[in-house]
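In: For reference, the sequence and a predicted model appear below.
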There are 2 protein chains.
Amino acid sequence: MTRNLITVVVILSSVTLAFSQTPSRHNLPGKIYPQVNQDNSVTFTFYAPSANAVVLSLDRDYLMNKDENSLWMVTSDTQSEGFHYYSLKVGGLSFADPSVYTFYGCSRYSSAIEIPENEKDSNWYMPNKKVPHGAVRSLRFWSDVSNKYRRMYIYTPAEYDINTDKLYPVLYLLHGGGEDETGWPNQGRMDNIMDNLIAAGDAVPMIVVMDRGSATLADADPTEINRNLFDFTAYDRVVVEEVVPMIDYGYRTLADRNNRAIAGLSLGGFQSWSIGLLHKDLFAYIGDFSGSGMVASPENYNADLNNRVKLLYVSIGTEEPEHMYAGVKAFHDLLDNNGVKHVYYESPGTGHEWQTWLRSLNQFAALLFQ
Amino acid sequence: MTRNLITVVVILSSVTLAFSQTPSRHNLPGKIYPQVNQDNSVTFTFYAPSANAVVLSLDRDYLMNKDENSLWMVTSDTQSEGFHYYSLKVGGLSFADPSVYTFYGCSRYSSAIEIPENEKDSNWYMPNKKVPHGAVRSLRFWSDVSNKYRRMYIYTPAEYDINTDKLYPVLYLLHGGGEDETGWPNQGRMDNIMDNLIAAGDAVPMIVVMDRGSATLADADPTEINRNLFDFTAYDRVVVEEVVPMIDYGYRTLADRNNRAIAGLSLGGFQSWSIGLLHKDLFAYIGDFSGSGMVASPENYNADLNNRVKLLYVSIGTEEPEHMYAGVKAFHDLLDNNGVKHVYYESPGTGHEWQTWLRSLNQFAALLFQ
């Protein structure tokens, strides 16, 4: 009898586990779908009585199935860990799921789900009750270079408002193409990462500046924005003439190159190399997350860099598209062959996606200003 | 000859004016539609080759017209000044316009256009090059009351980081139903309003706290959020037990009732009365923008309030739905009849929309802590 009861309990527990579902972390309040399943597949629903077909577009397109109540539903394949954009498609239109928070990415507002890392040891990018929390400030500023207002976000560590005599080093952190200054604070969970690193003593308290990584010159045609993503001329001027001086004026910074880092993801990685190497008087640390690195001719990447820069950091996800992975790997090999000291990291199992960049920031920030 | 030339120039100028269009202020970079026309109508476009019909849903539904390039287009009726949500509808689905920034409102992400007030004298809610800019901070905090993380925004005036010995009064500013803590910093342009008021000497420098105006208790069913919008029990506890103490601990505040105000729009107006009157030890200023006011029986609104509260403020837009206008007007009359001193304001030509609330904040903030 006792043994039978135990068997029943064990079976019931297994059944519960097998069907365990959790609302995704980015659902709006009260929304239980999308749900992340035990095997890291995700179940989506969408109510659309008049639609003839509904497609969920995640890692691939999934045709949704309609039940008798006009609720469309589908379960995806197993997804990799981290944050993934998705959209819904009906009759050739693509739009955001009304059940979840949206994020500016892919040059539009996109829906997102998130597959938690192994829950037991993934608190490094989640808010943690036991650590003090820094603040992320939104700051408007007038740009004479662009002749318009711009906005940047600035992370100050929890102690910043208490230690009012202390000066801090600054990391300038750039987003990728099709994203904006909201990327790192929202998708990138950068405040959690910095809070946790600083509380553990694994990173020094620092200010993190997240500007919009694009700009046009004052006389530019307003419809011509973003036509040449890889022309950094205007944005370089915004950083050097406006953003860095404004931060050094308005915040308690250690205002020298040894206390300034620049890093970015994807397009922002290219920008970090370009701006970082052009202005060696400003930056002594450069980080490139999934950026394929090289923005000047190979001969610029020689052993002289070892004296000029205190840290070069390059990373890539193992599951990124082949041309991206191969590009970054080739750049890493070039640096090695040319005797350029650098830290190289491959994020296991992640693609050209935020989890690669969260992990990269977590590593890179711990190496700064030590 | 000279006269003819002048005539031609005058005619050409008139033509240019008649067809003058300006991209709406909330368009994504590089997007020229929606455009606000000279008569405050708005022209929208949407590219949807496979759609059979596209509807623009603004103040009413407009059927869009398709041109030979599958571009759907329509021009709306003249719109009132200020910020207006809109959406697109195809085949029974309603979604956000991919050409513009989205805003959390109406319990979803919505598109928006904005009709500028008469440009010559409407700089009061726009960023202004000539004034110092405060910062809006995003702060995560753990709520024991709710057993979850919450986020609030905190405006600190431009001088806050410079006058590090000075203490500041605090305005707690609440959003409306179907909105969240992003409403005032985004739709509400509150940082511009406060920056401009403070720079002109029309308001004292103050901290403004914008929390999410809803909460569930720790043991609540996660799917039961927002089922009873007018039950403020849980949120009252979050404000009194967590938010106010946290702000007084982490910021340089004047921590007494004479230096604390609470105000809100629509549902947030009801909350301000409820929380403000229940906790007279905490708040001496109460503001209600389009909230229809009364949350307790009429006999509570008597002349005793004149001794207890330093300012009561009530406002409504002249074009709000009749039941809202009548409700607030009746409340205003009740206060008058009961001898309760208060400031009453009608925003001319605006509805139950943000421009009413921007104007109300602009007035209310100038009356605080003087």
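Out: Cool, the structure landed. Numbering: from 1, shown residues only, chains lettered A, B, ... in the order given.

In: how far away is the most centrally placed residue in chain A from residue B:154?
Out: The residue lying closest to the centre of chain A (CA atoms, centre = their mean) is residue A:188, at 3.7 Å. Separation of residue A:188 from residue B:154 (CB to CB, to the nearest Å) stands at 21 Å. C-beta: built from backbone N, CA, C; applies to glycine.

In: if we can go back for a sec, ok but the residue nearest to the centre of chain A is inside a helix, no?
Out: No: the assignment for residue A:188 (DSSP: H, G, I helix; E, B strand; the rest coil) gives coil, which keeps it out of a helix.

In: What score does it have for pLDDT?
Out: For residue A:188, the model assigns a pLDDT of 97.

In: hang on, isn't it packed against residue A:360?
Out: No: the criterion here is CB atoms under 8 Å, and residue A:188 misses it with residue A:360 at 10.2 Å.

In: Get me the contact residues on the stretch 101-250 of chain A for chain B.
Out: A:102, A:107-109, A:127, A:129, A:133, A:135-142, A:149, A:154, A:161, A:164, A:185, A:191-192, A:214, A:222-226, A:250 (CB under 8 Å from any CB of the partner chain).

In: out of those, which are buried?
Out: Among these, those that count as buried by neighbour count (16 or more other CB atoms under 10 Å in any protein chain shown) are A:102, A:108-109, A:127, A:133, A:135-142, A:154, A:161, A:185, A:191-192, A:214, A:250.

In: In chain A, mark out all the helices, start to finish.
Out: A:2-18, A:190-199, A:233-237, A:244-250, A:267-278, A:305-308, A:322-337, A:354-367 (DSSP state H).

In: What's the separation between the residue nearest to the centre of chain A and residue A:258?
Out: Distance from residue A:188 to residue A:258, by CB to CB: 25 Å.

In: Likewise for residue A:131?
Out: Residue A:131 sits 27 Å away from residue A:258, going by CB to CB.

In: quick one: which of these two has more around it?
Out: Each of residue A:131 and residue A:258 has its neighbours counted (other CB atoms under 10 Å in any protein chain shown); residue A:131 has more, 16 against 12.

In: In contact with the more buried one, which residues?
Out: Contact partners of residue A:131, counting by CB atoms under 8 Å, 6 or more residues apart in numbering or on different chains, are A:158, A:195-196, A:198-200.

In: so what's residue A:297 up against?
Out: Residue A:297 neighbours (CB under 8 Å, 6+ apart): none.

In: Sorry, wrong one. I was asking about residue A:246.
Out: Residue A:246 touches residue A:141, counting by CB under 8 Å, 6+ apart.

In: now swap in the one 5 residues further on and tell me
Out: Shown here is residue A:251, whose contacts under the criterion CB under 8 Å, 6+ apart are A:154, A:156, A:168, A:170, A:207, B:161.

In: you'd agree the fourth one is up against residue A:262?
Out: No: using CB under 8 Å as the test, residue A:170 is too far from residue A:262 to be in contact (9.5 Å).

In: contact partners of stretch A:277-288?
Out: Contacts for stretch A:277-288 (CB under 8 Å, 6+ apart): A:171-172, A:236, A:240, A:244, A:257-264, A:269-270, A:272-273, A:275-276, A:295-296, A:300, A:308-315, A:360, A:364, A:367-369.

In: Of these, grab the buried ones for PyMOL.
Out: Buried subset of the contacts of stretch A:277-288, written as a PyMOL selection, criterion 16+ other CB under 10 Å:
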select buried, chain A and resi 171+172+236+240+244+257+259+260+261+262+263+264+269+270+272+273+275+276+295+309+310+311+312+313+314+315+360+364+367+368+369
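
In: can I get the contacts of residue A:131 in TSV with pLDDT and neighbour count?
Out: As requested, these are exported to TSV (pLDDT from 0 to 100; neighbours: other CB atoms under 10 Å in any protein chain shown):
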residue	pLDDT	neighbour count
A:158	94	19
A:195	96	22
A:196	96	22
A:198	97	21
A:199	96	18
A:200	95	12
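
In: could you dump these to JSON lines with distance to residue B:47?
Out: Below are those laid out as JSON lines (distance: CB to CB, whole Å):
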{"residue": "A:158", "distance to residue B:47": "47"}
{"residue": "A:195", "distance to residue B:47": "43"}
{"residue": "A:196", "distance to residue B:47": "44"}
{"residue": "A:198", "distance to residue B:47": "47"}
{"residue": "A:199", "distance to residue B:47": "48"}
{"residue": "A:200", "distance to residue B:47": "50"}
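
In: I'd like to know which of those residues is nearest to residue B:27.
Out: Each of these was checked against residue B:27 using CB to CB; the closest is residue A:195, at 34.8 Å.

In: what sits against the closest one?
Out: Contact analysis of residue A:195 by CB under 8 Å, 6+ apart lists A:127-128, A:131-134, A:157-158.

In: try it again with 7 Å
Out: Residue A:195 is in contact with A:131-134, A:158, counting by CB atoms under 7 Å, 6 or more residues apart in numbering or on different chains.

In: so how many other residues sit close to residue A:284?
Out: 21.

In: What's the separation between it and chain B?
Out: 26 Å (CB to the nearest CB, to the nearest Å).

In: do the same with residue A:361
Out: For residue A:361, the distance to chain B - CB to the nearest CB - is 17 Å.
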